[in-house]
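J.: Here you go, sequence then predicted model.
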Amino acid sequence: MTAPQSRTSGTPRPVLLNVEHLSMRFGGLIAVDDLSFAARAGEITSIIGPNGAGKTTVFNCLTGFYKPTVGRLTLEHPRKNKRFYLERMEGFRVAQQADIGRTFQNIRLFGRMSVLENLIVAQHNVLMRASVFSLAGLLGLPIYRKAERAARDRARYWLDRVGLTERADWEAQNLPYGDQRRLEIARAMCIQPVLLCLDEPAAGLNPKESLDLNTLLLAIRDEHGIGLLLIEHDMSVVMGISDHIVVLDHGRKIAEGDPRTVREDPAVIKAYLGEAEEEELPAEVAQDLGATSSRKGANHA
């Protein structure tokens, strides 16, 4: 695989996902209001905002769980050289055809299956096609045996990358919480996505586990060249790894840009802090945003 170009080159990467005028209404409630942004291949784009800002609703529209009320969601598939309009697709086809992987706020592993089996099952679409819907599998034809070997090799590769090789035979439900988080990411990567959507992957992790998560996500970005779309409340993760950040508040985009631009934006500070209540902000955010707010006040004094 060709290595992604340097982020210091100044040359924009190709747009992978283009969200145009996305709106999602539930009766009289507007969860997402006229949202537009672009996510590029080989970059980590984070969507942040206070609770209830509409972040997970955006993910649900992108991955086929919701049909948007309004909007166009365009994926430019680099491997298939094909354009997918996600808002028109059935939910299961988003992963199957557009190759979009996803993890969830609440871990959704197959708890009674082994760690390795979770990664094999993730590749069922490829294996079913190779088996000619079970016929080639039952007969042990070479086309199926080759696909089965490839699926096992891919599973073992990701077990190694997330440090779970020694626990491959464990039931997934018996893994420590941080290991379950990494397994969920490995499972999503086994479908070979061009876009990986991660919904609060650092939730519940301790500081060391969050640092390890940063390292893993940066490696996925740099070594596999895919786009990552991240929802996260842990600002040490967001500010440490994001190439681009989109900030939502009450369903509307209030800011976007690189981490430094977003950190210094008055609208972002106000959304997180209110008018003057810095204690409402998580400690990590207060350190980043509160200091900026204080500097701005001193400059105007």
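T.: Yep, that arrived.

J.: now the helices: where do they sit in the stretch 151-300 of the chain?
T.: 177-189, 207-224, 235-241, 259-263, 266-273, 283-285, 291-300 (DSSP state H, counting those that start in this stretch).

J.: mean confidence for the fifth one?
T.: Which is helix 266-273. Helix 266-273 shows a mean pLDDT of 86 in the predicted model.

J.: can you start the count at 15 instead of 1 from here on
T.: OK, 15 is where the count begins now, so the last one is helix 280-287.

J.: Provide a list of residues in contact with L242.
T.: For L242, the contacting residues are 57-59, 209-212, 231, 234-235, by C-beta atoms under 8 Å, 6 or more residues apart in numbering. Where you see a C-beta, it was placed from the backbone N, CA and C, and this is true even at glycine.

J.: Now render the helices of the stretch 165-314 of the chain as TSV, adding mean neighbour count and distance to F124.
T.: Formatted as TSV, the helices of the stretch 165-314 of the chain follow (neighbours: other C-beta atoms under 10 Å; distance: least, C-beta to C-beta, whole Å):
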stretch	mean neighbour count	distance to F124
helix 191-203	21	9
helix 221-238	16	21
helix 249-255	21	26
helix 273-277	17	36
helix 280-287	18	37
helix 297-299	17	33
helix 305-314	11	44
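
J.: So for V46, which of those helices sits nearest?
T.: V46 lies closest to helix 280-287 among the helices of the stretch 165-314 of the chain, at 15.6 Å (C-beta to C-beta).

J.: picking that back up, where among the helices of the stretch 165-314 of the chain is the average confidence lowest?
T.: Minimum mean pLDDT among those: helix 305-314, a mean of 47.

J.: From the contacts of L242, list the buried ones, please.
T.: 57-59, 209-212, 231, 234-235 (16 or more other C-beta atoms under 10 Å).

J.: still on that earlier bit, nearest to A109, of the helices of the stretch 165-314 of the chain?
T.: Comparing the helices of the stretch 165-314 of the chain by C-beta to C-beta, helix 191-203 comes nearest, at 9.1 Å.

J.: For the stretch 15-164 of the chain, which segments count as helices?
T.: 69-76, 105-110, 129-135, 138-144, 149-153, 156-175.

J.: Of the contacts of L242, just say which sits nearest to G41.
T.: Nearest to G41 among these, with distances taken as C-beta to C-beta, is C211, at 25.9 Å.

J.: Would you confirm that that closest one contacts T77?
T.: Yes. Here C211 reaches T77: they are 6.2 Å apart, a contact under C-beta atoms under 8 Å.

J.: and the contacts of L242, which of them are in strands?
T.: 58-59, 209-212 (DSSP state E).

J.: Adding pLDDT, write these out as a markdown table.
T.: Formatted as a markdown table, these follow (pLDDT from 0 to 100):
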| residue | pLDDT |
| --- | --- |
| I58 | 98 |
| T59 | 98 |
| L209 | 98 |
| L210 | 98 |
| C211 | 98 |
| L212 | 97 |
